[in-house]
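Undergrad: quick check, what structure comes out for this input:
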Amino acid sequence: MMTTGNTVLITGGSSGIGLALAKRFLSLNNRVIITGRDLKKLEQIKNDFPEMVTFKGDLTDKNSLDELVVFIEQQHSGLNILINNAAVQYNYTFTEEPNLTYKIDYEIATNLTAPIKLTGLLLPLLLKNKDSAVVNVSSGLFIAPKKSASIYCATKSAIHSFTKTLRYQLEDTHAKVFEIIPALVETPMTAGRGKSKITPEQLTDEFFRNFKADKLESYIGKTKLLKLINRLSPKLSDKIMKN
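TA: The predicted model follows:
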């Protein structure tokens, strides 16, 4: 893939992985549009990077999703790269969580339903443009889940499967479908969780090497080791990741 001269849409681009990717694409002379729910964060990013295009909206809301699609079609019709990055993770057990159904609904809507819908709605535009790509951010937790994040792990497993099937469906087109499969990354979502985190910038470095080389699956950090362990002993990988 070319890393310059693109028009790139990144969901969840106001912090963490999304913002790191946005900054890198911007530094390489691409037009970059980011989405986010926090207006103050978006305003600060716009102040720091005036060339960055921002869109405020929660893509689990149909109106926001439709508004984003119209905005892209009308004002950024050269879109050729979509990066589905936005996600939330709630850690809880089913027997103790008082807001169970809300958290289930919102995690599934944010992590799975919204990116699938956005991809489907923007595919006609992506397929009109040259050098197009869809990039989905999943997680090493699709390989072996942890017990405290049942729905998050399930949605990332589903995104992994969706990414593969979309790749099959588009294999006779010019569009490529990439997947970023990170280990634990230092982001606002993972604050206070886990150890030995990689930075969003480290993830971005590794992804861009793979992106340039058309390597469709980017196992980032320790997920490469987890993939190998799982191949040799699925029980061992489950034991490692369970807690």
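Undergrad: contacts, neighbours, all on C-alpha from now
TA: Will do.
Undergrad: ramachandran angles for the residue most central in space within the chain?
TA: By C-alpha atoms, centre = their mean, the mean C-alpha position of the chain lies nearest to Asn85, the distance being 2.1 Å. Note on Asn85: backbone dihedrals following degrees, to the nearest 10 are phi -110, psi -30.
Undergrad: so what's it up against?
TA: 10-13, 17-18, 136-137 (C-alpha atoms under 8 Å, 6 or more residues apart in numbering).
Undergrad: kindly recompute the last result at 6 Å.
TA: Asn85 sits next to 11-12, 137 when contact means C-alpha atoms under 6 Å, 6 or more residues apart in numbering.
Undergrad: of those residues, which belong to helices?
TA: If you go by DSSP state H, these have nothing in helices.
Undergrad: among those residues, which are in strands?
TA: Val137 (DSSP state E).
Undergrad: with the contacts of Asn85 in mind, which one is nearest to Lys103?
TA: Gly12 (18.3 Å; C-alpha to C-alpha).
Undergrad: coming back round to it: which one of the contacts of Asn85 is nearest Gly120?
TA: Closest to Gly120, out of all of these and judged by C-alpha to C-alpha, is Thr11, at 14.7 Å.
Undergrad: these two touch, right, Asn6 and Asn30?
TA: Yes: between Asn6 and Asn30 a contact is recorded at 4.9 Å, counting by C-alpha atoms under 6 Å.
Undergrad: please name the nearest non-neighbouring residue to Leu118.
TA: The shortest distance from Leu118 to any non-neighbouring residue, by C-alpha to C-alpha, 6 or more residues apart in numbering, is to Leu65 (7.2 Å).
Undergrad: shouldn't that neighbour be in contact with Leu59?
TA: Yes: under the criterion of C-alpha under 6 Å, Leu65 makes contact with Leu59 at 4.9 Å.
Undergrad: more neighbours: which of these two?
TA: Taking neighbours as other C-alpha atoms under 10 Å, Leu65 and Leu59 compare with Leu59 leading, 25 against 19.
Undergrad: where's the more buried one relative to Tyr102, distance?
TA: For Leu59, the distance to Tyr102 equals 16 Å [C-alpha to C-alpha, to the nearest Å].
Undergrad: same question, Asp131
TA: 39 Å.
Undergrad: same deal with Ser77?
TA: In this view, Ser77 and Tyr102 are 35 Å apart by C-alpha to C-alpha.
Undergrad: more neighbours: those two, which one.
TA: Between Ser77 and Tyr102, counting by other C-alpha under 10 Å, Ser77 is the more crowded of the two (15 against 9).
Undergrad: grab the nearest non-local neighbour of the more buried one.
TA: Leu125 (7.1 Å).
Undergrad: what of Ala154?
TA: Phe142 (7.2 Å).
Undergrad: isn't the one you found up against Ser157?
TA: Yes: Phe142 is within contact range of Ser157, at 4.4 Å (criterion: C-alpha under 6 Å).
Undergrad: what strand or helix carries Trp101?
TA: To be clear, residue 101 is Thr; Trp isn't right here. Element membership for Thr101 (DSSP states H and E) is helix 100-108.
Undergrad: contacts only, for the residue nearest to Ala154.
TA: Here Phe142 is in contact with 153, 156-157 (C-alpha under 6 Å, 6+ apart).
Undergrad: what separation do you get for it and Lys156?
TA: From Phe142 to Lys156 the distance is 6 Å (C-alpha to C-alpha).
Undergrad: assign Gln202 to helix, strand or coil.
TA: The assignment at Gln202 comes out as helix when based on DSSP: H, G, I helix; E, B strand; the rest coil.
Undergrad: quick one: contacts for it?
TA: Neighbour list for Gln202: empty [criterion: C-alpha under 6 Å, 6+ apart].
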